[in-house]
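Trainee: need coordinates for the below:
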Amino acid sequence: MAECRQKTVVLKGLDAAMFGEILSYIYSRTLHVSLDRVQHLYQAADLLQLDYVRDTCSSYMAMNVERSTCVELYKFADAFAVDIVLNQCLQCVHCRHFAKVNSK
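Mentor: Got it, this is the predicted structure:
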């Protein structure tokens, strides 16, 4: 690969803060996931093929599907084919809060 001969490698589409979080995880095995950062963290993990981080983010999103987050998480999960989150969002819409989500 050409990157092995370069002094600088540009990682397009990778947020610097999320890369820092990924590096912190690699060194400390501690991952700080929050609702405002989980999608960016998932994208970074997906780009870098870090299955544990990606799975942790998927589980976190699935556990936080509720009326206020359902539509945004559904759009994200659909774009990245995150089945566990898609299923939780669909369950939220179909079973529990259809009228409330629909009325927004």
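
Trainee: pLDDT weak spots in the chain?
Mentor: For the chain, the stretches with pLDDT under 70 are 1, 96-104.

Trainee: the domain parsing of it - what is it?
Mentor: As assigned by automatic domain parsing, the chain contains the domains 1-64, 65-104.

Trainee: so of those, which one's packed in deepest?
Mentor: domain 65-104 (a mean of 16; mean count of other CB atoms under 10 Å). In this view, the C-beta of every residue, glycine as well, is placed from N, C-alpha and C.

Trainee: show me what the particular helix or strand that has K75 in it is packed up against.
Mentor: Secondary-structure assignment from DSSP states H and E places K75 in helix 70-80. Applying 3 or more CB pairs under 8 Å, 6 or more residues apart in numbering; DSSP states H and E, one finds that helix 70-80 contacts helix 38-48, helix 51-63, helix 83-91.

Trainee: of those, which is nearest D15?
Mentor: helix 38-48 (5.3 Å; CB to CB).

Trainee: tell me what angle the closest one forms with helix 70-80.
Mentor: 10 degrees (axes from the mean of the first three to the mean of the last three CA atoms, to 10 degrees).

Trainee: CA-only coordinates of helix 38-48 in CSV, if you can.
Mentor: Listed next in CSV are the C-alpha coordinates belonging to helix 38-48 (Å, rounded to 0.1, in the frame of the first residue of the first chain):
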residue,chain,number,x,y,z
VAL,A,38,-22.6,7.6,19.3
GLN,A,39,-23.3,8.1,15.6
HIS,A,40,-19.9,9.7,15.0
LEU,A,41,-18.2,7.1,17.0
TYR,A,42,-20.0,4.3,15.1
GLN,A,43,-18.9,5.9,11.8
ALA,A,44,-15.3,6.0,12.9
ALA,A,45,-15.4,2.4,14.1
ASP,A,46,-17.0,1.3,10.9
LEU,A,47,-14.3,3.1,8.8
LEU,A,48,-11.5,1.6,10.9
